[in-house]
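Colleague: need coordinates for the following:
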Amino acid sequence: MSGIQEILVIVLIILAIFFIPRLGSRRKEQPKSPSTRFTGWADIPGKYRLAIAVSLLWPSLTAAYFRPWQGDPLPFLYGGIGPVIMGWGLVWIRAGFRK
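Modeller: Presented below is the predicted three-dimensional model:
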């Protein structure tokens, strides 16, 4: 009989661990500021739309030129994907310094 009681005590402890913190922290959520909330694709500025379009178009054109599937993929990596990664990396670093 003591085995069932021990199991019930363990289940009660586990339930207490999950439900007691939820009961104590009933705070109202603060609304997000409009500058950090993404409300749709219409909120993306024109320069970022251009950057996304170039990021998709540039590797496609360099893949058509270098044809990495037929031979050495390194020229495509250096000339196609490399500049895109480096450009977005610079944007990311610049955004970090602004904050």
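Colleague: residue 62: how many residues sit nearby?
Modeller: Using other C-beta atoms under 10 Å, residue 62 has 21 neighbouring residues. Placement of C-beta: from N, CA and C, glycine included.
Colleague: now swap in residue 80 and tell me
Modeller: Other residues within reach of residue 80 by the criterion other C-beta under 10 Å amount to 20.
Colleague: got the contact list for it?
Modeller: Applying C-beta atoms under 8 Å, 6 or more residues apart in numbering to residue 80 gives the contacts 58, 59, 62, 63, 66, 68.
Colleague: what ranges does the protein have for its strands?
Modeller: For the chain, applying DSSP state E gives no strands.
Colleague: re the thing from before, can I get the buried part of the contacts of residue 80 as one PyMOL selection?
Modeller: Selecting in PyMOL just the buried members of these, where the criterion is 16 or more other C-beta atoms under 10 Å, is done with this command:
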select buried, resi 58+59+62+66+68
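Colleague: return the member of the contacts of residue 80 nearest to residue 91.
Modeller: residue 58 (14.7 Å; C-beta to C-beta).
Colleague: nearest spatial neighbour of that closest one, skipping sequence neighbours?
Modeller: On the basis of C-beta to C-beta, 6 or more residues apart in numbering, the spatially nearest residue to residue 58 that is not a chain neighbour turns out to be residue 84, at 5.9 Å.
Colleague: relative to residue 63, how far out is the one you found?
Modeller: Between residue 84 and residue 63 the computed distance is 12 Å (C-beta to C-beta, to the nearest Å).
Colleague: check residue 72 too.
Modeller: Distance check for residue 72 against residue 63: by C-beta to C-beta, it reads 13 Å.
Colleague: any weak-confidence spans in this protein?
Modeller: Low-confidence segments of the chain (pLDDT under 70): 1-2, 21-41.
Colleague: now do the helices for it: every range, in order, please.
Modeller: Counting by DSSP state H, the chain has these helices, from start to end: 2-24, 46-66, 74-76, 82-98.
Colleague: what is the first one packed up against?
Modeller: Okay, so that is helix 2-24. With contacts defined as 3 or more C-beta pairs under 8 Å, 6 or more residues apart in numbering; DSSP states H and E, there are no secondary structure elements packing on helix 2-24.
Colleague: rewinding a little: out of the helices of the chain, which is the most enclosed?
Modeller: Counting by mean count of other C-beta atoms under 10 Å, helix 74-76 has the highest mean neighbour count of those, with a mean of 15.
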